[in-house]
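**Q** this is the structure alone, sequence omitted:
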């Protein structure tokens, strides 16, 4: 399934993908801690999502844990 990130907050975007995969944000964080060395602090993780302060590497790690890859596609206007 393809998703397009438009006019939606990062938090809502990740929550939507998690719901599609049958995960909560807490379960996502547990997997991220196991695979990518994320801090286990749920409030910290939630605030990063809410405030759009995740680093690109962290977003890429989230995509990988959820079974996605980030693709940059040339858009012709």
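**A** Received, thanks. Bear in mind that the values here come from a model prediction, so they are computed numbers and not experimental data. Numbers count the residues shown, from 1 in each chain.
**Q** from here on, just use CA atoms for contacts and neighbour counts.
**A** Noted.
**Q** ok, residue 52 - contacts?
**A** Residues near residue 52 by C-alpha atoms under 8 Å, 6 or more residues apart in numbering: 9, 10, 11.
**Q** again, but for residue 32
**A** For residue 32, the contact set (C-alpha under 8 Å, 6+ apart) comprises 38, 61, 62, 65.
**Q** can you tell me how far the first one is from residue 75?
**A** Noted for residue 38: a distance of 33 Å to residue 75, by C-alpha to C-alpha, to the nearest Å.
**Q** residue 60: which element?
**A** When elements are defined using DSSP states H and E, residue 60 is found to belong to helix 56-65.
**Q** which strands and helices sit next to that helix?
**A** Where contact means 3 or more C-alpha pairs under 8 Å, 6 or more residues apart in numbering; DSSP states H and E, helix 56-65 is packed against helix 25-36.
**Q** recalculate using a threshold of 10 Å.
**A** helix 10-21, helix 25-36 (3 or more C-alpha pairs under 10 Å, 6 or more residues apart in numbering; DSSP states H and E).
**Q** got the contact list for that helix?
**A** Defining contact as C-alpha atoms under 10 Å, 6 or more residues apart in numbering, one finds that helix 56-65 is touched by 10, 14, 17-18, 28-29, 31-32, 34-38, 49, 54-55, 66-70.
**Q** got a PyMOL select line for the buried ones in these?
**A** In PyMOL, this line selects whichever of those come out buried by 16 or more other C-alpha atoms under 10 Å:
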select buried, resi 10+14+17+18+28+29+31+32+36+49+66
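**Q** and residue 9, what does it touch?
**A** Counting by C-alpha under 10 Å, 6+ apart, residue 9 has contacts 15, 49, 50, 51, 52.
**Q** now those in a markdown table, with distance to residue 22?
**A** Shown next, in a markdown table, are the contacts of residue 9 (distance: C-alpha to C-alpha, whole Å):
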| residue | distance to residue 22 |
| --- | --- |
| 15 | 10 |
| 49 | 19 |
| 50 | 20 |
| 51 | 24 |
| 52 | 23 |
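**Q** and those residues, which is closest to residue 42?
**A** Lowest distance from residue 42 to those (C-alpha to C-alpha) belongs to residue 49, with 10.6 Å.
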